[in-house]
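Chemist: Here is my input, please return the structure:
(one chain, ligands or ions: 1)
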Amino acid sequence: MNNLIETLKTTGNLTDSQLQTLLETNAYDAELRKAADAVRREHYGTDVYIRGLIEFTNYCKNDCLYCGIRRSNRCAERYRLTKEEILECCKEGYALGFRTFVLQGGEDPYFTDERLCDIVASIRKGYPDCAITLSVGEKPRESYQSYFDAGADRYLLRHETATPEHYSRLHPSELTFAQRRKCLFDLKEIGFQVGAGFMVGSPYQTTEHIIADLRFLQELKPDMIGIGPFLSHKDTPLRDYPNGELELVLRILGILRLMHPKVLLPATTALGTMHPQGRELGLQTGANVVMPNLSPQSVRKKYMLYDNKISTGEESAQSVRNLTEKVASAGFRVVTARGDAKTAAGRTAKPF
Ligand code: 5AD
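Modeler: Numbering: from 1, shown residues only. Below you'll find the predicted structure:
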C-alpha cells in the first residue's frame, strides 16, 4: 500500500503538504478507497445507518449566496409543516423502521424556542427509543440548551468553510465563521452529539481551504461529518459557478474516514443528486449513513437547496425497501438501530 495512505491510516494524520498532494491528484484514489473501506469495516462492519429527514420549513431569514431557500429567492414557494404534520412524519417513519428523526429547516422565526421545544418534547414522549436530531441553524446558547432539555440529542450545523475570508464570500456580512464556530462549540459543551461539515467545490474554494476544513474538524471532533458537492441553484447569485466534482468528494470522504475512524459519515443527498450511484460510491469510500426524506410528498420539491435535488427515488423514506436492496447490492446492510457514534471505548456515545 502506498506510503502516504499507509501513514494516514496508521496515524490518522498527515502534514499540510502531504494533504495537498493527496487532494490534488487522483494517483492515490484506489488505495485511499480501499483503506477507508477497511477502517470503516473495522469499526462498523457493513452496517449503514438510516436517518429520517423531515424538512419542516423552508422559510429562512438568512441569505446565504449558494442556497436555494435564501430569503431573497422570491421564486421559492414557502411552506411550513404543522406540529401534527411533523408528528405524522415520525409515525410513518417509525413504522418504516426509522429510529432517528432529523428535523431540518431554514432559520424560520415562526419556530420560536417555545414552539420547537413543544415539538421536540412531543416526539420524545411518543418515541422514547428514538434519537431526535435538530438542524435549524445558529441560535443563542440558551436556545440550544432548551432544545436539549426538551429531549433533542443531536444537532447538525455544517461549518460550511473554516476560512473566515472564504466564509464571507459565501454568506451575507451578518454571518461570520467566528459565530458559526461558537455555535458548534456551544452545542458540544451542552452535550449534543454534533455534526459539522462543508461543501466540496463551493465557489472560490482552494485546496488550502479544504485543508483548513480538515484541521477544523480535527479540532472540533464532531460525531458526524456531512460533506457533499456544491451544486448551483438557478435562482441564487452563484448560479453560474460550476458544480463540485464527484472524484474530489469521494477523495475527501476517504480522507475523513481515515482521520476520524469512528465518525458517522453520511453519503449525502447532494452526492446522490450529482451521480446516479453517488451514494453507493460514498458508502464504498468510508461513508456509513444515509438520510432518506420523510417529509410529505407535497412539500418535497419545495425544499430545493440546489437544482435537481432528488426526492422521489430511494432517497424517499417510503422506498426504504428499494434503498435497502440498493445498499445491499453495494455490499452493505441497512440497520435500523439509533446508530450513535462509537466512542474510543467502543461503547455508543450516549445511550439512554
Ligand atoms: N449545494 C450543495 N449544498 C448546499 N447546501 C445548501 N445549499 C447548497 C448548494 N447549493 C448545504 C449546506 C447546508 C446544507 C443543509 O445543505 O451545506 O448546510
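
Chemist: Residue 261 is in contact with residue 44, isn't it?
Modeler: No. Contact criterion C-beta atoms under 8 Å: residue 261 and residue 44 do not qualify, at 9.5 Å. All C-beta atoms are positioned from the backbone trio N, CA, C, and that covers glycine.

Chemist: Which one's more surrounded, those two?
Modeler: Remark: of residue 261 and residue 44, residue 44 carries more neighbours, 22 against 18, as counted by other C-beta atoms under 10 Å.

Chemist: ok, now how distant is that one from residue 339?
Modeler: 9 Å (C-beta to C-beta, to the nearest Å).

Chemist: How about residue 46?
Modeler: For residue 46 relative to residue 339 (C-beta to C-beta), the value is 13 Å.

Chemist: what about this protein, any weak spots by pLDDT?
Modeler: For the chain, the stretches with pLDDT under 70 are 1-2, 312-315, 317, 343-352.

Chemist: Up against the ligand, what does it have?
Modeler: Within the chain, the positions adjacent to the ligand are 66-67, 158, 160, 199, 228, 230-231, 233, 270, 305-306 by C-beta under 6 Å from any ligand atom.

Chemist: For those residues, could you give me JSON lines that also reports secondary structure and neighbour count?
Modeler: Below are the residues of the chain next to the ligand laid out as JSON lines (DSSP: H, G, I helix; E, B strand; the rest coil; neighbours: other C-beta atoms under 10 Å):
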{"residue": "66", "secondary structure": "coil", "neighbour count": "22"}
{"residue": "67", "secondary structure": "coil", "neighbour count": "22"}
{"residue": "158", "secondary structure": "coil", "neighbour count": "18"}
{"residue": "160", "secondary structure": "strand", "neighbour count": "21"}
{"residue": "199", "secondary structure": "strand", "neighbour count": "24"}
{"residue": "228", "secondary structure": "strand", "neighbour count": "27"}
{"residue": "230", "secondary structure": "coil", "neighbour count": "24"}
{"residue": "231", "secondary structure": "coil", "neighbour count": "24"}
{"residue": "233", "secondary structure": "coil", "neighbour count": "24"}
{"residue": "270", "secondary structure": "helix", "neighbour count": "24"}
{"residue": "305", "secondary structure": "coil", "neighbour count": "21"}
{"residue": "306", "secondary structure": "coil", "neighbour count": "23"}
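
Chemist: Kindly provide the distance from the closest residue to residue 221 other than its chain neighbours to residue 300.
Modeler: Closest residue to residue 221 apart from its sequence neighbours, by C-beta to C-beta, 6 or more residues apart in numbering: residue 260 at 7.6 Å. Computed with C-beta to C-beta, the distance linking residue 260 and residue 300 is 31 Å.

Chemist: and if you look at residue 95?
Modeler: 19 Å.

Chemist: out of those two, which sits in the busier spot?
Modeler: residue 300 (18 against 8).

Chemist: who touches that one in this structure?
Modeler: Residues near residue 300 by C-beta atoms under 8 Å, 6 or more residues apart in numbering: 55, 293, 311-312, 316.

Chemist: Next: residue 198.
Modeler: So residue 198 contacts 158-162, 213, 227 (C-beta under 8 Å, 6+ apart).

Chemist: Dump those residues into JSON lines; add secondary structure as well.
Modeler: What follows is these, written out as JSON lines (DSSP: H, G, I helix; E, B strand; the rest coil):
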{"residue": "158", "secondary structure": "coil"}
{"residue": "159", "secondary structure": "coil"}
{"residue": "160", "secondary structure": "strand"}
{"residue": "161", "secondary structure": "coil"}
{"residue": "162", "secondary structure": "coil"}
{"residue": "213", "secondary structure": "helix"}
{"residue": "227", "secondary structure": "strand"}
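
Chemist: Between these, which sits nearest the ligand?
Modeler: Nearest to the ligand among those is residue 158, at 3.7 Å by C-beta to the nearest ligand atom.

Chemist: Residues in a beta bridge with the residue nearest to that closest one when sequence neighbours are not counted, which ones?
Modeler: Take residue 158 and drop its neighbours on the chain: the residue closest to it by C-beta to C-beta, 6+ apart is residue 197, 4.3 Å away. Beta bridges link residue 197 to residue 226, judged by DSSP bridges.

Chemist: Next, the contact list for residue 197, please.
Modeler: Shown in contact with residue 197 (C-beta under 8 Å, 6+ apart): 158-159, 222, 224-227.

Chemist: and if you look at residue 124?
Modeler: 132, 150-152.

Chemist: quick one: which two of these are the most distant?
Modeler: Across the contacts of residue 124, the longest distance by C-beta to C-beta is 8.8 Å; it joins 132 and 150.

Chemist: what sits in contact with each of the two?
Modeler: Residues touching both residue 132 and residue 150 (C-beta under 8 Å, 6+ apart): 120, 124.

Chemist: Could the C-alpha coordinates of the one helix or strand residue 34 maps to be exported in CSV?
Modeler: In the assignment (DSSP states H and E), residue 34 maps to helix 29-44. Output of helix 29-44 as CSV, limited to C-alpha atoms (Å, rounded to 0.1, in the frame of the first residue of the first chain):
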residue,chain,number,x,y,z
ASP,A,29,-7.6,7.2,-5.0
ALA,A,30,-7.7,3.5,-5.4
GLU,A,31,-5.6,2.9,-2.3
LEU,A,32,-7.5,5.5,-0.4
ARG,A,33,-10.8,3.9,-1.1
LYS,A,34,-9.5,0.5,0.0
ALA,A,35,-8.1,1.9,3.2
ALA,A,36,-11.2,3.9,4.0
ASP,A,37,-13.4,0.9,3.4
ALA,A,38,-11.2,-1.3,5.6
VAL,A,39,-11.2,1.2,8.5
ARG,A,40,-15.0,1.7,8.3
ARG,A,41,-15.4,-2.1,8.3
GLU,A,42,-13.2,-2.4,11.4
HIS,A,43,-15.5,-0.2,13.4
TYR,A,44,-18.9,-0.6,11.8
